[in-house]
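Asks: what's the 3D shape of this:
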Amino acid sequence: MYPQRKINLLVSSAQIMVISLIMFFLLPAAAFSNPGSTVTGVIANQGYGYIIVKDSTGIEIKLNTGRETKYEPSNYRCEVGDKITADYYEKVSRDGLSSLLAVKKITLVKVDPNRKVLQSPATGMIEKAGRRSFQVSVPAVNKTIKFERTRGTKTSPAGWVPKDGQKVVIDFEKKPARWGKSYVYVIKSMKLVK
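Replies: Model (predicted):
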């Protein structure tokens, strides 16, 4: 009775091992869904250096953006909710042990219709004042946005030093960031609201 039970345990552990190997090798290949191809879908999430695109079948694909990623239109940057088309390919990671999906080109198909677009000038409350930037809570879009200050930024009244908790009106310009794949809000002028 013991030898038979040992054989059954060995067979079941061998079956588990085979199933594990199949899942290890075949599922990642299925997740890549034709490297060197195109996907069209909605951006479900994004982070530094990557986006997650959900296609029409509901499959989420993590795509890595980098220096070689081109955007169409050229001033577009990815935002959650936008519908895009991405041309990607499989690339070996820096450590050489794994692979990832790198994006060659991202084309905007349709902007998220539910997104509230921040218009200049914007009124908000300074949450955190710094030397080069300000975190401002803007009720019009229900977000806290980082505004960057440049040389020659005009403030009103003259000599005013912005501090946390002050209500302000900011005239700004939205630009694609020089580094990273996002937008920068550059302050042209900032006025204290009393």
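Asks: Would you enumerate the residues in contact with the residue positioned nearest the centre of the chain?
Replies: Centroid-nearest residue in the chain, with Cα atoms, centre = their mean: Gln46, separated by 2.4 Å. By Cβ atoms under 8 Å, 6 or more residues apart in numbering, Gln46 lies in contact with 52, 78-80. (C-beta placed from N, C-alpha, C; glycine too.)
Asks: Which pair in those has the greatest spatial separation?
Replies: Ile52 and Glu79 (12.8 Å; Cβ to Cβ).
Asks: Any idea how far apart the tips of stretch 57-77 sit?
Replies: 24 Å (Cα to Cα, to the nearest Å).
Asks: Show me which residues of it are buried.
Replies: For stretch 57-77, burial by neighbour count (16 or more other Cβ atoms under 10 Å) applies to 61, 63, 65, 69, 71, 76-77.
Asks: Likewise for stretch 156-167?
Replies: So stretch 156-167, judged by 16+ other Cβ under 10 Å, has buried residues 162, 166.
Asks: sorry, back to before: highest neighbour count among the contacts of Gln46?
Replies: Cys78 (22 neighbours; other Cβ atoms under 10 Å).
Asks: just to revisit the earlier point, can you give me the distance of the residue nearest to the centre of the chain to Asn64?
Replies: Noted for Gln46: a distance of 11 Å to Asn64, by Cβ to Cβ, to the nearest Å.
Asks: Kindly report the same for Ser93.
Replies: For Ser93, the distance to Asn64 - Cβ to Cβ - is 9 Å.
Asks: ok, back up a step: just the element for the residue nearest to the centre of the chain, please.
Replies: strand 38-47 (DSSP states H and E).
Asks: buried sites along that strand?
Replies: 39, 41-43, 46.
Asks: Format those residues as TSV; extra columns: pLDDT and distance to Ala158.
Replies: Listed next are those as TSV, based on pLDDT from 0 to 100; distance: Cβ to Cβ, whole Å:
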residue	pLDDT	distance to Ala158
Val39	89	53
Gly41	91	51
Val42	92	47
Ile43	89	43
Gln46	83	40
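Asks: Could you work out the most separated pair of the residues you listed?
Replies: Maximum pairwise distance among the buried residues of strand 38-47 (Cβ to Cβ): 14.9 Å, between Val39 and Gln46.
Asks: quick revisit: now intersect the buried residues of stretch 57-77 with the helices, please.
Replies: Of these, none are assigned to helices by DSSP state H.
Asks: Distance of Phe172 relative to Leu108?
Replies: 22 Å.
Asks: Have a look at the two and say which one is more surrounded.
Replies: More neighbours surround Phe172 than the other of Phe172 and Leu108, with 22 against 16 (other Cβ under 10 Å).
Asks: can I see the domain layout of the chain?
Replies: Listed domain ranges for the chain are 33-110, 122-192 (source: automatic domain parsing).
Asks: right, and the ones you listed - which one's nearest Lys116?
Replies: domain 122-192 (4.4 Å).
Asks: Quick one: end-to-end distance for that closest one.
Replies: For domain 122-192, the first-to-last residue distance is 12 Å (Cα to Cα).
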